[in-house]
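Colleague: A predicted structure for the sequence below; I have some questions about it.
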Amino acid sequence: MDYSYLKHIRKIICIGRNYAAHIKELNNPTPKQPFFFLKPSSSILTPPVNVESIDNIGPENCTYSGLKSDGSNSGKILIPRGVKVHHEVELALVMSQNVSNASKDAFGPKELYDSISGVALSLDLTARNVQDEAKKKGLPWSIGKGFDTFLPISGFIPKRDLGDPASFQNAFRLKCEVNGVTRQDGTTDLMLTPMHEIVQHISTVMSLESGDLVLTGTPAGVGELHANDTVTSYLYHGDKLLTKMTFACAEKPGPYEFKET
Ligand SMILES: O=C([O-])CC(=O)C(=O)O
Ligand SMILES: [Mg+2]
């Protein structure tokens, strides 16, 4: 697995509410235009070297000291005290070109395809009760989305494995299982805003730079993760499994505890 692409990230942009059934399950309003938020690169977590070793990775190793020289940062998903952590499986785009202030008529599926080097499978982990409080109080989502280990992400999948620009939008299926039970299973043809429009829109606000990641929103079925759970996600292109990743969850040691104020 190639994680070296993670060393070139300058920002991680995540689209919210891009699948109708997920909007409905959280009783959220449908956005009139795409909205997005940022996740810090310190939340990156890569899969363990082999799944058999998963039980041997202790949560004691819970301070972040940067990515390893190969771009990896393997470990467990850490559940902060008092936090309801939700899994959100998402397709991530890996940008390979700068896209700045693109206009709608000049940026279609082909331009999107030309501006990425490939994709990755990701989990936009969300501290749902922290986010709920932030929503209620009109505060930012940075805490709810940004804890360490809140961006489990796969190795790089180059675009040569991904068909042509015309079929790209509808080609993927995302799945997430917790302890062997399927929680999320959705296809990218269900996105409310297609990927070329997402990137075009983002670029009118903040320019996308080579290396940036764009997470494209989650399908329905989000749910809670607890310490000792095992979460496995899958990314398919048509019927072909592109990648699969498995993580264990553990309580996060240290001083943080969420209490609604
Ligand atoms: O937290 C949320 O519900 C927004 C979001 O990231 C998504 O829809 O993928
Ligand atoms: Mg999300």
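Modeller: Looks like it arrived, so ask away. Ligands and ions are numbered 1, 2, ... in the order given.
Colleague: let me know the pLDDT of the residue nearest to Leu151 when sequence neighbours are not counted.
Modeller: Leaving aside its chain neighbours, Leu151 sits nearest to Ser43 (4.1 Å; criterion: C-beta to C-beta, 6 or more residues apart in numbering). Yep, even glycine has a C-beta here, placed from its N, CA and C like the rest. The per-residue pLDDT reported for Ser43 equals 98.
Colleague: show me which residues of the stretch 151-261 of the chain sit near ligand 2.
Modeller: Thr218 (C-beta under 5 Å from the ion).
Colleague: what does the stretch 151-261 of the chain put close to ligand 1?
Modeller: For the stretch 151-261 of the chain, the contact set with ligand 1 under C-beta under 6 Å from any ligand atom comprises Gly217, Thr218.
Colleague: show me the shaky parts of the stretch 151-261 of the chain.
Modeller: For the stretch 151-261 of the chain, no stretch has pLDDT under 70.
Colleague: which parts of it are strands?
Modeller: In the stretch 151-261 of the chain, the strands defined using DSSP state E, counting those that start in this stretch lie at 151-152, 157-158, 172-178, 181-187, 213-215, 223-225, 230-237, 240-251.
Colleague: could you count how many residues lie near the residue nearest to Leu151?
Modeller: Using other C-beta atoms under 10 Å, Ser43 has 20 other residues around it.
Colleague: for it, what are its contacts?
Modeller: Counting by C-beta atoms under 8 Å, 6 or more residues apart in numbering, Ser43 touches Ile12, Leu125, Lys145, Gly146, Phe147, Asp148, Thr149, Phe150, Leu151.
Colleague: do you know how far it is from Gly238?
Modeller: Here the criterion is C-beta to C-beta, to the nearest Å. By it, Ser43 lies 30 Å from Gly238.
Colleague: identify the residue nearest the closest residue to ligand 2 within the stretch 151-261 of the chain in space, chain neighbours excluded?
Modeller: Of all residues in the stretch 151-261 of the chain, Thr218 sits closest to ligand 2, with a separation of 4.5 Å (C-beta to the ion). Once flanking residues are discounted, Thr218 sits nearest to Glu88: 3.6 Å by C-beta to C-beta, 6+ apart.
Colleague: do you know how far that neighbour is from Pro165?
Modeller: Separation of Glu88 from Pro165 (C-beta to C-beta): 26 Å.
Colleague: Ser4 too?
Modeller: Computed with C-beta to C-beta, the distance linking Ser4 and Pro165 is 25 Å.
Colleague: those two: which is more packed in?
Modeller: More neighbours surround Pro165 than the other of Ser4 and Pro165, with 16 against 13 (other C-beta under 10 Å).
Colleague: ok, that one - contacts?
Modeller: Going by C-beta under 8 Å, 6+ apart, Pro165 touches Pro109, Lys110, Leu112, Tyr113, Asp114.
Colleague: the residue nearest to Thr218: neighbouring residues, count only.
Modeller: Glu88 is flanked by 25 other residues according to other C-beta under 10 Å.
Colleague: does it touch Thr126 like I think?
Modeller: Yes. Proximity of Glu88 to Thr126 meets the contact threshold set by C-beta atoms under 8 Å, at 5.9 Å.
Colleague: picking up where we left off before, in JSON lines: the strands of the stretch 151-261 of the chain, plus distance to Pro31.
Modeller: JSON lines is the format used below for the strands of the stretch 151-261 of the chain (distance: least, C-beta to C-beta, whole Å):
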{"stretch": "strand 151-152", "distance to Pro31": "22"}
{"stretch": "strand 157-158", "distance to Pro31": "28"}
{"stretch": "strand 172-178", "distance to Pro31": "20"}
{"stretch": "strand 181-187", "distance to Pro31": "18"}
{"stretch": "strand 213-215", "distance to Pro31": "15"}
{"stretch": "strand 223-225", "distance to Pro31": "22"}
{"stretch": "strand 230-237", "distance to Pro31": "25"}
{"stretch": "strand 240-251", "distance to Pro31": "29"}
